[in-house]
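Undergrad: Sharing a model that was predicted from the sequence below.
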Amino acid sequence: MKQQIAQWLLRRMGWRLEGAKPDLSQYVLIAAPHTSNWDFPLMLLFAAAFDIRVTWMAKHSLFHPPMGWVMRALGGMPIIRHKNRNVVSSMVDSFRTTAHLVLVVPTEGTRARAEYWKSGFYHIARQARVPIVPSFLDFGLKRGGFGPPLHLSGNLQRDMQCLRDFYQDMKGKFPHNFGPIRLKEESDQSTQEPPVSSE
């Protein structure tokens, strides 16, 4: 029922669904372009329309009752940042202990234009040995959905080029707020890491 309602709402709003539901039990989901307050509710609607249960991170202080119940029902995961514990390590542990996990990780970190994407999504996927799935909201053609999974090669620039190629024609609600698709680490060859062995 939830899936049919979400599909109906999106059609009423003039949106169309593209791409297939990823046939994966675990992956990092990135959503772009992120240029407006509409992006988050639309992302949840598209996830419901594809019958995907997503998990997204937020500060633990936002999960106090009564709104905390709503946040969790929508897939929110409270994050508590300890002195010797970072978000990447916590999320990698979540993948190792959860059989089915679709983790939405913000790449731009802001609705305003950013000159670099935040690299947390890449490091979580690499360390957890799960693929990255690009999702999109293209306001130019009013379409949204999912692209093919990206299995990381270990070559940061090559992997990021795949994402640049995928998003090159996508337009956010406010296109001038969608900055370059690049990580600061790409300019530092010393950050290039070999593929993580599956052995």
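TA: Perfect, I can see it now.
Undergrad: Just the strands from this structure, written as ranges.
TA: For the chain, applying DSSP state E gives strands covering 16-18, 26-32, 55-59, 76-79, 101-104, 132-138, 143-146.
Undergrad: Tell me which of the ones you listed sits nearest to residue 93.
TA: Residue 93 lies closest to strand 101-104 among the strands of the chain, at 11.0 Å (CB to CB). For every residue, glycine as well, the C-beta is placed using N, CA and C.
Undergrad: Kindly point out the strands partnered with the closest one and how each is oriented relative to it.
TA: strand 26-32 (parallel), strand 55-59 (parallel) (DSSP bridges).
Undergrad: The first one versus strand 132-138: what angle between them?
TA: To tie it back to what came earlier, the one meant is strand 26-32. Here strand 26-32 runs at an angle of 30 degrees relative to strand 132-138 (axes from the mean of the first three to the mean of the last three CA atoms, to 10 degrees).
Undergrad: Averaged pLDDT, strand 26-32. What do you get?
TA: Averaged across strand 26-32, the pLDDT comes to 92.
Undergrad: Per-residue pLDDT of the closest residue to residue 140 other than its chain neighbours, please?
TA: Spatial nearest neighbour of residue 140, excluding adjacent residues (CB to CB, 6 or more residues apart in numbering): residue 171 at 3.5 Å. pLDDT, residue 171: 91.
Undergrad: pLDDT weak spots in this structure?
TA: Within the chain, the stretches with pLDDT under 70 are 58-64, 67-76, 78-85, 109-111, 189-199.
Undergrad: could you redo the last one with a cut-off of 80?
TA: Along the chain, segments meeting pLDDT under 80 span 56-85, 106, 108-112, 114, 175, 187-199.
Undergrad: Let's have the strands paired with strand 101-104 in CSV, adding mean neighbour count and distance to residue 87.
TA: Formatted as CSV, the strands paired with strand 101-104 follow (neighbours: other CB atoms under 10 Å; distance: least, CB to CB, whole Å):
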stretch, mean neighbour count, distance to residue 87
strand 26-32, 23, 13
strand 55-59, 16, 7
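Undergrad: dump the residue contacts of the residue nearest to residue 140.
TA: 33, 138-141, 178 (CB atoms under 8 Å, 6 or more residues apart in numbering).
Undergrad: just residue 135 next, same as before
TA: 29-32, 43, 46, 144-147.
Undergrad: so how far is residue 172 from the spatially most central residue of the chain?
TA: Compute the mean C-alpha point of the chain, and by CA atoms, centre = their mean the closest residue is residue 30, 2.1 Å away. As for residue 30, its distance to residue 172 is 14 Å (criterion: CB to CB, to the nearest Å).
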